[in-house]
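[1] structure for this input, please:
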Amino acid sequence: MDTTYYEHGTPAERWERARMFFDARDYAAAARVLEGLVEEVPEQTGPRLLLARAYYHSAQLRRAEGELRVIVERDPVEHYARLMLGRTLQRQGRRDEAETHLRIASALAGDLP
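    Residues are numbered from 1 along each chain as shown. Next up, the predicted model:
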């Protein structure tokens, strides 16, 4: 498969292209664009989080989990990544492990009584 289109352009252009694919619910195409972008700018959370979401929505749950764990390891108070990690683990049937992350996400969002 020719991946030139997915790799073409500046990082900002690829970010916009990935968001367009994601918004159009073409999660696999969004992931192909984002994989290269995350490799190029691994320190940025935004592209990695969108990549994890694209993986999640395209049922690539192990890949989503991997990206989310990188984010949570770097930024333990990133509540949306915690929430997504919890949901990803739930979808894999790992409910006990998911519960920990979901509770932390709720606490960080201020949702606990």
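[2] poorly predicted segments of this structure, please.
    Confidence mapping of the chain against pLDDT under 70 gives the ranges 1-6, 112-113.
[3] show the contacting residues for the residue nearest to the spatial centre of it.
    Closest residue to the average C-alpha location of the chain: Ala52 at 1.9 Å, with CA atoms, centre = their mean. Contacts for Ala52 (CB atoms under 8 Å, 6 or more residues apart in numbering) come out as Arg63, Ala64, Glu67, Leu68, Ile71, Ala81, Met84, Thr88. Using the backbone N, CA and C atoms, a C-beta is placed for each residue, glycine as well.
[4] buried ones in the helix or strand containing the third one?
    Assigned by DSSP states H and E, Glu67 belongs to helix 61-74. Buried residues in helix 61-74, counted by 16 or more other CB atoms under 10 Å: Leu61, Arg63, Ala64, Glu65, Glu67, Leu68, Val70, Ile71, Val72.
[5] wait, the fourth one touches Gln90, no?
    Put plainly, it is Glu65. No: counting by CB atoms under 8 Å, Glu65 sits too far from Gln90 to count as a contact (11.1 Å).
[6] related to what we said a few turns ago, report all helices and strands that the helix holding Glu67 contacts.
    Helices and strands touching helix 61-74, by 3 or more CB pairs under 8 Å, 6 or more residues apart in numbering; DSSP states H and E, are helix 45-57, helix 79-91.
[7] any idea how far Val70 is from Ala81?
    Going from Ala81 to Val70 by CB to CB, to the nearest Å gives 9 Å.
[8] what do you get for Ala107?
    Noted for Ala107: a distance of 21 Å to Val70, by CB to CB.
[9] convert the C-alpha atoms of the helix holding Glu67 to CSV, please.
    These are the backbone C-alpha positions of helix 61-74, laid out as CSV (Å, rounded to 0.1, in the frame of the first residue of the first chain):
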residue,chain,number,x,y,z
LEU,A,61,-7.2,-2.1,21.9
ARG,A,62,-3.7,-3.3,22.7
ARG,A,63,-2.3,-0.5,20.7
ALA,A,64,-4.6,2.0,22.3
GLU,A,65,-3.5,0.7,25.7
GLY,A,66,0.1,1.1,24.9
GLU,A,67,-0.2,4.7,23.8
LEU,A,68,-2.4,5.6,26.8
ARG,A,69,0.1,4.0,29.2
VAL,A,70,2.9,6.2,27.7
ILE,A,71,0.8,9.3,28.3
VAL,A,72,-0.2,8.3,31.9
GLU,A,73,3.4,7.4,32.7
ARG,A,74,4.6,10.9,31.6
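[10] fine by me, thanks again.
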